[in-house]
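# Pasting the sequence and the predicted coordinates here, then a few questions.
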Amino acid sequence: MKILVTGGAGYIGSHVVKALGEEGHELLVYDNLSTGHDWAILYGKLVKGELADSRCLDEAFSAFKPEAVLHFAASIQVEESVRKPLRYYRNNVSNSLNLLDAMERHGVRNLIYSSTAAVYGIPDRMPADETMPLNPINPYGTSKVMMETVLRDIASAGNFRYIALRYFNVAGADAQSRIGQAYADATHLITRALKTAHGEYPKLSVFGTDYPTADGTCIRDYIHVDDLADAHIRALNYLVETGRTEIMNCGYGHGFSVKEVVSVAKKVTGIDFPVEETDRRAGDPPELIADSTKLRRLTGWQPRHDDLEFIIQTAWDWELKYSSRLKANL
Ligand code: UFG
């Protein structure tokens, strides 16, 4: 298939581009390279453009004639969204509407949309399944609920179908260390812990130790990015084969606390890096665990890397390679 991938130069997008390329799809990545990198695109071509730029979108759609769009380009940091909500609504909502307009103008009716566990807020049952109420507790989650609502309404109006994948905590890297997380300022727990082990930060802060969990720190369902990429391949096949709109969680169905992640990071790296316990971070729910029964049932998806040590090992291998590459460029 001819597939246009927004945000395909970013962390998750580039792993999905790798998986789609391995399946033989023809790819066009549309990315403004604000957090992504052209070297991360292992298959297909890049158009460097903004989603706000309808003319640039039109040119890309006219030249490439995609049959489906995978939409990764978005702002994703929960805490930043609390401080800068307008940026999140602009980038995640307004820019997505622009993309949907372009899809409509060019008659493209298949979309895989990147949603998030943050749509659930603080779920009253765990693991969270897709039928649970959406009560986001931060602007990031709200921006994704807004887009899910828009998509639902467009699909009901006809001639458009989509699958929204609600990601839980995505981590790890390509097993060959060709791509991985490469943000200027890491905020995600595993990356931050590994960069601290590597000496890039003096210490790792544990945000909150008074949550209602066994050890008082937040629990998350960490999913390896290549398992998530495989979920996209299967979701796309499902969408094209059945033409059915669906929403599916992507996670393993069990979680680890911040303290547990820190201890595995210390084991994998062999470095006893400094850790300090601090106040809670704004916008963090205590626990997020996925019920991914639907994804498994409808698409046949099965995790291949459900092992926190493997996830952290691949992230560590990548971290070491990426930081030496950065040093070599200086
Ligand atoms: N944490 C720390 N110290 C750090 C970084 C994080 O203690 O230096 C804690 C956070 O407070 C949180 C947990 O580790 O309790 C995980 O935090 P991350 O920043 O790694 O990830 P989030 O759970 O905040 O958010 C991520 C994605 C979102 C997605 C969410 C879904 O960034 O896009 O997972 O579960 F919505």
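Yes, it's here.
# Give me every residue in the chain lying close to the ligand.
76-78, 116-118, 168-169, 187-189, 192, 204-207, 218, 220, 258, 281, 284, 288 (Cβ under 6 Å from any ligand atom). (Glycine included, C-beta is placed from N, CA and C.)
# Narrow those residues to just the buried residues.
76-78, 116-118, 168-169, 188-189, 192, 204, 206-207, 218, 220, 258, 284, 288 (16 or more other Cβ atoms under 10 Å).
# Which residue ranges of the stretch 1-150 of the chain form helices?
11-22, 54-64, 78-83, 85-88, 95-105, 139-157 (DSSP state H, counting those that start in this stretch).
# How about the stretch 201-330 of the chain?
So, for the stretch 201-330 of the chain - with DSSP H, counting those that start in this stretch - the helices run 225-242, 258-269, 293-299, 308-329.
# As CSV, those with mean pLDDT would be great.
Converted to CSV, the helices of the stretch 201-330 of the chain look like this (pLDDT from 0 to 100):
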stretch, mean pLDDT
helix 225-242, 98
helix 258-269, 98
helix 293-299, 98
helix 308-329, 92
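# For N32, give me its contacts.
Contacts for N32 (Cβ atoms under 8 Å, 6 or more residues apart in numbering) come out as K48, G49, E50, L51, A73.
# gap between it and V69?
From N32 across to V69, the span is 16 Å (Cβ to Cβ, to the nearest Å).
# Phi and psi next, for whichever residue of the chain sits closest to the ligand.
Closest approach between the chain and the ligand, counting by Cβ to the nearest ligand atom: C218, at 3.0 Å. With angles defined as degrees, to the nearest 10, C218 sits at phi -70, psi 150.
# again with R280
Dihedral angles (degrees, to the nearest 10) for R280: phi -60, psi 150.
# and the nearest residue to it once chain neighbours are set aside, how many neighbours does it have?
Once flanking residues are discounted, R280 sits nearest to G208: 3.5 Å by Cβ to Cβ, 6 or more residues apart in numbering. The number of residues packed near G208 is 18, by other Cβ atoms under 10 Å.
# Use 734 as the first number from now on
Taking 734 as the first residue, the last one we looked at is G941.
# residues contacting G941?
Taking Cβ under 8 Å, 6+ apart, one finds G949, T950, C951, T1011, D1012, R1013, R1014, D1017 in contact with G941.
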